[in-house]
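**Q** Quick one: sequence and predicted model below, then my questions.
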Amino acid sequence: MKVIWGNEIVDRNKVTIDFEDRGYQFGDGVYEVISFYNRTYFCMEEHIDRFFSSAKKIEMRMPLSKSELKELITDLLNESEATDGYIYIQMTRGNASPRDHSYPSQDVVPLLTGSIAAAERDTDKLKKGIKTTLEEDIRWLRCDIKMISLLGNIMLKHEAHKKNADEAILHRGNIVTECSSSNVAMVKDGAIYTHPDGNLILPGITKIVWKACAEQLNIPVYERPFTTEELLEADEVFCSSTTKEVMPVNQIDDKVFELPESGSLIRLLQSCYEKKVVEQCGDLTN
């Protein structure tokens, strides 16, 4: 298996990570996940922009340009036999000794790693939806940075899994923020509501796509905070992420949501989203 290590593509068994790498010791790093269909990346430009933005927010210098990174991840995909799936790329601040909480000098070189995973679209869940739970958002206050320090997200996802749910919908007090690994939105009276971008949520790339779909379909979108009470009274609820696409929610705790046979805004968004994938990546066969 070929992977990215530094600025090269190497065999995975050649990779070594120093135990003083700040990603290992502090979770000091950022990451990105980019889907590909038919061996073509979807929304690569937007994901690369967010990757660089996350690095800038933690004052991490990038050892390569955007065009160099695009070329590198394209070369890795060409080395892979996967048709559909995603690439995970990660940048840590690098090795610094002795261990110190302060940012090291700019002489420390950040370390880029990346790998390809084959994955088929979960068309069954995209049709039937997923079960979710409501969980208190215990994470820090810079959720806009796509950082590798994900213990809070992991703990909340685990709480959902203990309740036989696929995802946790998070709230601070009674204000809904996002999910443990995706954004969340609700439909009410023909309009879509979702938490505004800011420090409390990750600015989702898939969210950008479905918002463009909503505009194309003349569906109003209101980016404003809403409560857990409003969420439970919604007509429809959906999560969105690179790997989930536009994913219907069929249950929140004990509240069941039935997707209407006709007039479902989620179905309209899904159809539009798929068309945008086809425009960039070619026909979806599964």
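**A** In hand now; what should we look at?
**Q** how about the helix ranked longest in the chain: buried residues?
**A** Across the chain, the longest stretch assigned as helix under DSSP state H is helix 265-281. Residues 265-270, 272-274, 276-277, 281 are the ones in helix 265-281 that count as buried (16 or more other Cβ atoms under 10 Å). No exception for glycine: its C-beta is placed from N, CA and C like everyone else's.
**Q** And stretch 236-253, by the same measure?
**A** Neighbour-count burial for stretch 236-253, with 16+ other Cβ under 10 Å as criterion, is recorded at 236-252.
**Q** Then stretch 216-231?
**A** 219, 221, 225-226, 228, 231.
**Q** Of those, which belong to helices?
**A** If you go by DSSP H, the buried residues of stretch 216-231 have 228, 231 in helices.
**Q** Pick the one among the buried residues of stretch 216-231 closest to Gly23.
**A** Closest to Gly23 out of those is Pro225 (32.7 Å), distances taken as Cβ to Cβ.
**Q** hmm, back to that, could I get the buried residues of stretch 216-231 in a markdown table, plus columns for distance to Ile138 and pLDDT?
**A** Compiled in a markdown table, the buried residues of stretch 216-231 are given as follows (distance: Cβ to Cβ, whole Å; pLDDT from 0 to 100):
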| residue | distance to Ile138 | pLDDT |
| --- | --- | --- |
| Ile219 | 33 | 98 |
| Val221 | 28 | 98 |
| Pro225 | 18 | 98 |
| Phe226 | 20 | 98 |
| Thr228 | 15 | 98 |
| Leu231 | 18 | 98 |
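**Q** And the furthest pair within the buried residues of stretch 216-231?
**A** So, these by Cβ to Cβ: farthest apart are Ile219 and Thr228, at 23.2 Å.
**Q** And the helices in this protein?
**A** Under DSSP H, the chain gives helices at 22-26, 44-57, 66-79, 123-128, 151-162, 205-216, 228-232, 265-281.
**Q** tell me which residues in the third one are buried?
**A** In other words, helix 66-79. Applying 16+ other Cβ under 10 Å to helix 66-79 flags 69-70, 72-74, 76-77 as buried.
**Q** Turn the residues you listed into a markdown table, including pLDDT and distance to Pro98.
**A** Formatted as a markdown table, the buried residues of helix 66-79 follow (pLDDT from 0 to 100; distance: Cβ to Cβ, whole Å):
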| residue | pLDDT | distance to Pro98 |
| --- | --- | --- |
| Leu69 | 98 | 31 |
| Lys70 | 98 | 36 |
| Leu72 | 98 | 31 |
| Ile73 | 98 | 34 |
| Thr74 | 98 | 38 |
| Leu76 | 98 | 34 |
| Leu77 | 98 | 39 |
